[in-house]
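Novice: coords below, sequence missing:
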């Protein structure tokens, strides 16, 4: 059995930034091979550990995605984004579309129906939103 590898924590990691995301999937082998390996590889993650019940992917900077095999009694249960639990997760995307300034996103789901997003929000738009929210009373 391979010893667990702890994702690297950089001293510059901002408080509240993502360290790792743990996802339980119905079919670790199938979803890992057909969905998560292409997605996470494209996003710059490398698989650093694989066991029958889990796989660990780490990106430069130490951000990690940990995939877990669902227990037998939970396999095949439908995902409901509006029930308590996971709604969606957004990965950052680069600013590659210079001809289309501003926000862009693509939404997609894994084989179990978990929703993901690849999003770019310009830094100036984030800064403006933070100023606006600071000015609004709660």
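Specialist: Perfect, thanks for sending it. The shown structure was predicted, so the numbers you read here are calculated from the model rather than taken from an experiment.

Novice: Okay, strands next: where are they in this structure?
Specialist: Here the chain has its strands, by DSSP state E, at 20-25, 46-51, 54-58, 64-69, 88-92, 104-109, 115-120.

Novice: Give the partner strands of the last one in its sheet and their orientations.
Specialist: This means strand 115-120. Applying DSSP bridges, strand 115-120 is found paired with strand 88-92 (parallel), strand 104-109 (antiparallel).

Novice: Kindly report the same for the first one.
Specialist: Strand 20-25 has the following sheet partners, assigned by DSSP bridges: strand 64-69 (parallel).

Novice: From the rest of the structure, what touches the partner strand?
Specialist: 7, 19-25, 27-28, 31-32, 36, 40, 45, 52-58 (C-beta atoms under 8 Å, 6 or more residues apart in numbering). Bear in mind the C-beta positions are built from the backbone N, C-alpha and C, glycine included.

Novice: could you pull out the helices for the chain?
Specialist: 28-31, 37-42, 123-135 (DSSP state H).

Novice: What helices and strands are in contact with the second one?
Specialist: Read that as helix 37-42. The helices and strands touching helix 37-42, judged by 3 or more C-beta pairs under 8 Å, 6 or more residues apart in numbering; DSSP states H and E, number zero.

Novice: ok, 10 Å please
Specialist: strand 46-51, strand 54-58, strand 64-69, strand 88-92, strand 115-120 (3 or more C-beta pairs under 10 Å, 6 or more residues apart in numbering; DSSP states H and E).

Novice: Same check on the shortest one?
Specialist: Taking 3+ C-beta pairs under 10 Å, 6+ apart as the contact definition, the neighbouring helices and strands of helix 28-31 are strand 46-51, strand 54-58, strand 64-69.

Novice: Low-confidence regions, this structure specifically.
Specialist: Across the chain, the ranges flagged by pLDDT under 70 are 1-12, 97-101, 125-126, 128-138.

Novice: For residue 115, list the residues it contacts.
Specialist: Contact partners of residue 115, counting by C-beta atoms under 10 Å, 6 or more residues apart in numbering, are 79, 81, 86, 87, 88, 89, 90, 107, 108, 109.

Novice: for those, which one is nearest residue 127?
Specialist: Distances from residue 127 to those, taken as C-beta to C-beta, are shortest for residue 90 (18.1 Å).
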